[in-house]
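Asks: here are the coordinates; sequence isn't available:
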């Protein structure tokens, strides 16, 4: 399968949305939106919405009476999300830091965050803020990636880069797996004040997708790619090696399972 060669010119969010969201994030986004829809909430706040993988499904499945506010710390990510979804009066967009939310107490019945909690610089503060802006009886649903061993795409990317650049002292992908222990979710939610907390492992099928596209996403659509470019490494070479190793391990097209840890907490 031939794809257009991506350019690394400050368009990380565009490449992320084009190459990684369809293959890796979309199955979990659809599942997350289904969880939220089942709560029949009048108001929903999304944290760290990124380029809108979950937002699109929420906008399509929630009733027109539901207030949906999508936030992200990155203006660039939020801009791409708005462009991808287009004009939609059902979504309020806002640049916001999850650790210091610009909303009043008890503003939302549901707060949702897919694969964003790992990036929060002060996780207890973010959970405390979620508790603060939740209504009594409100729900917090957030997910992170499970262990490396249950997420082979990430594992192969990290192993490939480690082999290519053995002199790099720090792990290449510390953030995706920084919250792969379910106890972290329970502890954070309970310390924040949520008294009803459940955590489940969710395994879904990623793909069928071209390994070159996924390799392009990691090389040209992530902060990892920006770091590698800053170190002077050749991103085209990285893309080609990642593509070959992903295809060898997972097939072409890639078909594999991925695992998320999903926490559902209620403010009782």
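Replies: Arrived safely. These numbers come from a predicted model, not from an experiment.
Asks: most remote residue from the chain's center?
Replies: residue 167 (28.9 Å; CA atoms, centre = their mean).
Asks: Show me what stretch 84-100 is in contact with.
Replies: 17, 47-48, 51-52, 55-56, 59, 62, 64, 66-75, 78, 81-82, 102, 113, 116, 120-122, 125-126, 129-130 (CB atoms under 8 Å, 6 or more residues apart in numbering). Yep, even glycine has a C-beta here, placed from its N, CA and C like the rest.
Asks: hey, where'd the helices end up in the stretch 151-268 of the chain?
Replies: 152-164, 182-192, 211-220, 223-230, 235-250 (DSSP state H, counting those that start in this stretch).
Asks: And those: which comes nearest residue 260?
Replies: Closest approach to residue 260 among the helices of the stretch 151-268 of the chain is made by helix 182-192 (10.9 Å; CB to CB).
Asks: and for stretch 222-232, what are the contacting residues?
Replies: 8, 12, 16, 20, 161, 165, 168, 172-173, 218-219, 235, 238.
Asks: Return the distance of the nearest residue to residue 208 once chain neighbours are set aside relative to residue 246.
Replies: With sequence-adjacent residues excluded and distances taken as CB to CB, 6 or more residues apart in numbering, residue 208 is closest to residue 253, at 4.1 Å. Distance, residue 253 to residue 246, by CB to CB, to the nearest Å: 10 Å.
Asks: between the two, who's got more neighbours?
Replies: residue 246 (26 against 15; other CB atoms under 10 Å).
Asks: what sits against that one?
Replies: Applying CB under 8 Å, 6+ apart, the residues near residue 246 are 153, 156-157, 211, 214-215, 254.
Asks: what do you get for residue 49?
Replies: Per CB under 8 Å, 6+ apart, neighbours of residue 49: 55, 70-72, 77-78, 81, 116.
Asks: Okay, and which of these map to strands?
Replies: Among the contacts of residue 49, the members falling in strands are 70-72 (criterion: DSSP state E).
Asks: Tell me the spatial nearest neighbour of residue 45, not counting adjacent residues.
Replies: residue 108 (4.2 Å).
Asks: Now for the one you found: which residues touch it?
Replies: Contacts for residue 108 (CB under 8 Å, 6+ apart) come out as 41, 43-45, 69, 133-135, 138.
Asks: Thank you kindly, that will do.
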